[in-house]
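Visitor: fold the following, please.
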Amino acid sequence: MSTLAAATPLPPDVRLMNGVTALLLAGLVLSGLALAVHKLARLPVFAIRHIQVEGEVSRNSVASLRANALPHLSGSFLSMNLRQGREAFEAVPWVRKAQVQRVWPNRLKVRLEEHKPAAYWEQKAEGADANSEASAERALVNSFGEVFEANLGDVEDEDLPVLAGPEGSSTRMLSMWRQLQAVSQGLGETVERLDLSSRGSWRATLDKGAVLELGRGDETEVLARYRQFAASITQITSRFQTPLLTADLRHADGYAVRLRGISTITTPAPKGTARKR
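Guide: A predicted model of the protein is given here:
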């Protein structure tokens, strides 16, 4: 009866050499594939030939997009980094968001969303009150309450209000302005400017020049005071036949007003009377 001899194991150094050889061969294959893909991606057939722009684009022309975005695009159809492409288009003035997609074999499709201006923005220094002057440099606030930079000359024909407040308050201020504006329309007025101090005190300036101290509080409290004021102020101005200059709504039991040549204090009740001070 014969037996098979067990296979003699390879020496450790031989096994190590075989492993190193296998790794080197795998590396050479991968390097060759990477080089081939790199050369393939740079072939003229994969160069970007056309950029298709979609979306509501009214502030930018083809020329402005080409001048501002194309210099920042690099690579071919296969090698372009879409995230960098999106950032290049979003850096163009008036562009809020961009989506960039590849369209085989050599096109890019770009969908743009532009900022819709809702107000001018003036940022106040930390600790400033509602009466303090804001930064001399203006920016814009879009319909989402976001601050953005653009050429202010593009909106000089648009009747935009001014919002002036601490950094990060633009969204809250736009919401407040919209609600105050809805009440003001019943008075035939427009809130031309709205200030917010770092301590939360509101101040509104109407388009006819009246300045209203609205005081502190959340939106509900401030709006309640303003609605009381709006419900009775026309009775006072009609009685004295003189325009409103200032109003202080921070009183607990009413509000104080200053008409041209007259100072008064009154409660917001419809039949309240005004008295000279």
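
Visitor: what about stretch 198-211, start to end distance?
Guide: Start-to-end span of stretch 198-211 (C-alpha to C-alpha, to the nearest Å) is 19 Å.

Visitor: can you count the residues close to L174?
Guide: Residues within reach of L174, counting by other C-beta atoms under 10 Å, total 22. C-betas here are computed from N, CA, C, even on glycine.

Visitor: equivalent analysis for E114, please.
Guide: Neighbours of E114 under the rule other C-beta under 10 Å: 19.

Visitor: residues touching it, list them.
Guide: By C-beta atoms under 8 Å, 6 or more residues apart in numbering, the contact list for E114 reads 55-60, 94-96.

Visitor: helix or strand: which one has A204?
Guide: strand 202-206 (DSSP states H and E).

Visitor: next, the angle strand 202-206 makes with the following helix or strand past that strand.
Guide: The first helix or strand that comes after strand 202-206 along the chain, using DSSP H and E, is strand 211-215. Interaxial angle, strand 211-215 versus strand 202-206 (axes from the mean of the first three to the mean of the last three C-alpha atoms, to 10 degrees): 160 degrees.

Visitor: can you pull the buried residues of strand 211-215?
Guide: 211-215 (16 or more other C-beta atoms under 10 Å).

Visitor: turn those residues into JSON lines, including pLDDT and distance to I48.
Guide: JSON lines is the format used below for those (pLDDT from 0 to 100; distance: C-beta to C-beta, whole Å):
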{"residue": "V211", "pLDDT": "98", "distance to I48": "56"}
{"residue": "L212", "pLDDT": "98", "distance to I48": "56"}
{"residue": "E213", "pLDDT": "98", "distance to I48": "58"}
{"residue": "L214", "pLDDT": "97", "distance to I48": "54"}
{"residue": "G215", "pLDDT": "96", "distance to I48": "58"}
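
Visitor: spatially, which two of those residues are the most separated?
Guide: V211 and G215 (13.2 Å; C-beta to C-beta).

Visitor: for the chain, which segments count as helices?
Guide: Under the criterion DSSP state H, the chain contains helices at 12-41, 62-69, 82-90, 170-184, 219-240.

Visitor: least confident secondary structure element in this protein?
Guide: Least confident element among the helices and strands of the chain, by mean pLDDT, DSSP states H and E: strand 275-276 (a mean of 38).

Visitor: how about the contacts made by E54?
Guide: Contact analysis of E54 by C-beta under 8 Å, 6+ apart lists 109-112.

Visitor: kindly report the same for H115.
Guide: By C-beta under 8 Å, 6+ apart, the contact list for H115 reads 59, 94-96, 140, 142-143, 146, 148, 150.

Visitor: good, we can wrap up now.
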